[in-house]
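Asks: here you go, sequence then predicted model.
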Amino acid sequence: MRRNNGTAKIAKKTVLSLENLPPKPTDLASIKPPYPYTPSRIDPNNPPWPAYRGYHEYSFAYATMGVRLPTILGKAISDTIKTLNEESDEERIVDLIGCINRMERLMKDLTNNDVLRPIIDDGEGDIPLWNKEITQFFRGKDFMSAPWVFAEAYKYRRLHECFSVSKYWKDYDVFFRQKCETFSRSADAVFELSTRFAIPFSLGKGLNVAQKEQALKAMFRELTQICLWGNSTDLSLLINMSEEDIKRLQSTGGDQLAATEKNILGNDIERLWDLVKSLDGGRIDFVLDNAGFELYCDLVYADYLIQSGYASVVHFHGKRLPWFVSDVTRKDWEWLLNSCLYGKLFADVSESEIASLRILGERWKGYVKEGKWIYEQHPFWCSGYAFWDLHSEAPDVFLHLSQSNLVFFKGDLNHRKLTYDCAAPASTSFATAIGPLARLPGAPPICSLRTIKSDVVVGLPDGDVADRLDEEEPGWKISGKYAVVLLSDGRPGEPVEFN
Ligand code: F6P
Ligand code: MG
């Protein structure tokens, strides 16, 4: 306020008395941030709940970005050097040395926590998908500050770039040897299943309709578990797996399955069965995870779905690049089918065991020839986007999946992408956690079959279970000992809309 004589006087502070408003809570921490974000605020850098990021020391993101990824990359370099040492052609040798140099550069970027640069235009179709996302959401972000799921996917795309810009090694898979070796060390579990399933199953004569359904249901429950636990053997976690580790993880016997069923913390198998048994010659899709033994379990399950008549066609969606170490590429898919039919992978096995595998291989290749099994790959599955963005970033895939009666998403990474890999409370329903894939018109029924190997956990009817395990069993979220089988009904049959 200015007086006439020009001297300034500081105004008195006005103090409002707020005694009629509600009182301040004594515990301010009880005021929670507005999660989940409203759909208009969600983007790859701001998932519906807080993202896990590499610098979060409490999260598996920290160990993965700081230790696991450099270890995996180091092994990839060793594999390439092994190939180099077996090569005789000079031009190819020089070209491969270029790939190794680029991998070493990537190792530096990763361990120095450099800023995420755009992917070099190597002429591949996914470049716009990658560089649009980096430019829009991650400019200036580094490996540790970007959301974990994006930074980790980015690392695998950069690894692919080391080869895709070369002349002779564009499709080289640094993980191929590991994938094949692990399958050939899985003899016990492989033959346990092949000897049971080689001969097409029959339900026994004289059963009435209800008894037949009971028998089919019993088989369905066990096979669903086999397909689920087949996910425990991913190679990105078990970097130096011993024969014993493999056996322990692949036990497929009935007792073992009964004991492990209690470790399925969110379990929609009953609802899943109600859906499957209602199908008559339907279409089922698998968004695949790992090659080798897990894929083998998926194929046994898919075989049951065809033989039972519930499905007349199964679509399998694989990766077009070497991805998260053990994920299925087209080459892995073909390798497995041909190894079953023609391979000589296993020593010390009986003739009938080998024969059982050959019969399976022949039948499965027959399904492919007849168009009952269809293998597909789309760039979206190897992008940095979470599946909340499937409808907007890959509308063709959304439309395609909307025609399915049931889509299985296998494994941990697919689960992270379905749920946007963020800190949603464990009691969040699966349908809420997968957002648009549950609520958009035309969304198909979706089932996640996942052994829990990273932080995000949703769909637990009893939210306290997670708190209890946090206290009693530190590390339970990355051990692969627990699992979920979660089903979202979707909105099948409604016309898909794109605005
Ligand atoms: O690096 C962590 C991770 O992405 C986790 O999702 C999981 O531990 C592993 O790698 C991949 O598992 P899966 O093969 O089941 O997707
Ligand atoms: Mg995987």
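Replies: Arrived safely. For clarity, every value in this text was computed on a predicted model and none was experimentally measured. Ligands and ions are numbered 1, 2, ... in the order given.

Asks: any low-confidence regions in the protein?
Replies: Where the chain drops to pLDDT under 70, the residues are 1-11, 33, 233-258, 463.

Asks: close to ligand 1, is the longest strand anywhere in it?
Replies: The residue-count maximum for a strand in the chain (DSSP state E) belongs to strand 311-318. No. Between strand 311-318 and ligand 1, judged by Cβ under 6 Å from any ligand atom, nothing touches; the nearest distance is 12.9 Å. All C-beta spots, glycine's among them, are computed from the backbone N, C-alpha and C.

Asks: so which elements touch the next helix or strand after that strand?
Replies: The first helix or strand that comes after strand 311-318 along the chain, using DSSP states H and E, is helix 330-342. With contacts defined as 3 or more Cβ pairs under 8 Å, 6 or more residues apart in numbering; DSSP states H and E, helix 330-342 has these neighbours: helix 176-184, helix 293-307, strand 311-318, helix 351-370, strand 373-377.

Asks: what residues sit buried inside the longest strand of the chain?
Replies: Of the residues in strand 311-318, 311, 313-318 count as buried by neighbour count, 16 or more other Cβ atoms under 10 Å.

Asks: as CSV, these with distance to residue 205 would be great.
Replies: What follows is these, written out as CSV (distance: Cβ to Cβ, whole Å):
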residue, distance to residue 205
311, 25
313, 29
314, 28
315, 34
316, 34
317, 38
318, 39
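
Asks: closest to ligand 1 out of these?
Replies: Using Cβ to the nearest ligand atom, residue 318 comes nearest to ligand 1 of those, at 12.9 Å.

Asks: hang on, the closest one packs against residue 375?
Replies: Yes. Under the criterion of Cβ atoms under 8 Å, residue 318 makes contact with residue 375 at 6.3 Å.

Asks: find residues that contact each of these two.
Replies: 330, 333 (Cβ atoms under 8 Å, 6 or more residues apart in numbering).

Asks: what residues does this structure put near ligand 2?
Replies: Contact residues, the chain versus ligand 2 (Cβ under 5 Å from the ion): 234, 289-290, 324, 327.

Asks: turn the residues you listed into CSV, columns for neighbour count and distance to ligand 1.
Replies: Formatted as CSV, those follow (neighbours: other Cβ atoms under 10 Å; distance: Cβ to the nearest ligand atom, whole Å):
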residue, neighbour count, distance to ligand 1
234, 26, 3
289, 29, 5
290, 29, 5
324, 21, 5
327, 29, 7
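
Asks: what is the nearest of those residues to residue 88?
Replies: residue 327 (31.0 Å; Cβ to Cβ).

Asks: hey, what's the closest residue to the closest one other than its chain neighbours bridged with?
Replies: Closest residue to residue 327 apart from its sequence neighbours, by Cβ to Cβ, 6 or more residues apart in numbering: residue 319 at 4.7 Å. Residues in a beta bridge with residue 319, per DSSP bridges, are residue 329.

Asks: dump the residue contacts of residue 319.
Replies: Contact partners of residue 319, counting by Cβ under 8 Å, 6+ apart, are 288, 327-329, 377, 381-382.

Asks: who wins for most neighbours among these?
Replies: residue 327 (29 neighbours; other Cβ atoms under 10 Å).

Asks: so residue 113 touches residue 141, yeah?
Replies: No. Using Cβ under 8 Å, residue 113 makes no contact with residue 141, being 10.5 Å away.

Asks: looking at the two, which is more packed in?
Replies: Higher neighbour count among residue 113 and residue 141: residue 141, with 18 against 15, using other Cβ under 10 Å.

Asks: ok now stretch 147-162, how far from the chain's centre?
Replies: On the basis of Cα atoms, centre = their mean, to the nearest Å, stretch 147-162 sits 14 Å off its chain's mean C-alpha point.

Asks: please save the CA atoms from that stretch in CSV.
Replies: Extracted C-alpha coordinates of stretch 147-162, given in CSV (Å, rounded to 0.1, in the frame of the first residue of the first chain):
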residue,chain,number,x,y,z
PRO,A,147,10.6,-47.4,-17.4
TRP,A,148,12.3,-50.8,-17.0
VAL,A,149,10.1,-52.7,-19.5
PHE,A,150,11.0,-50.1,-22.2
ALA,A,151,14.7,-49.9,-21.5
GLU,A,152,15.0,-53.7,-21.4
ALA,A,153,13.2,-54.2,-24.7
TYR,A,154,15.3,-51.3,-26.2
LYS,A,155,18.5,-53.2,-25.3
TYR,A,156,17.4,-56.3,-27.2
ARG,A,157,16.5,-54.1,-30.3
ARG,A,158,19.9,-52.5,-30.0
LEU,A,159,21.5,-55.9,-29.8
HIS,A,160,19.7,-56.9,-33.0
GLU,A,161,20.9,-53.6,-34.7
CYS,A,162,24.5,-54.8,-34.1
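
Asks: quick check: residues of the stretch 351-499 of the chain near ligand 1?
Replies: Going by Cβ under 6 Å from any ligand atom, the residues of the stretch 351-499 of the chain near ligand 1 are 411-413, 416, 453-454.

Asks: dump those residues to a markdown table, plus secondary structure.
Replies: Converted to a markdown table, these look like this (DSSP: H, G, I helix; E, B strand; the rest coil):
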| residue | secondary structure |
| --- | --- |
| 411 | helix |
| 412 | helix |
| 413 | helix |
| 416 | helix |
| 453 | coil |
| 454 | coil |
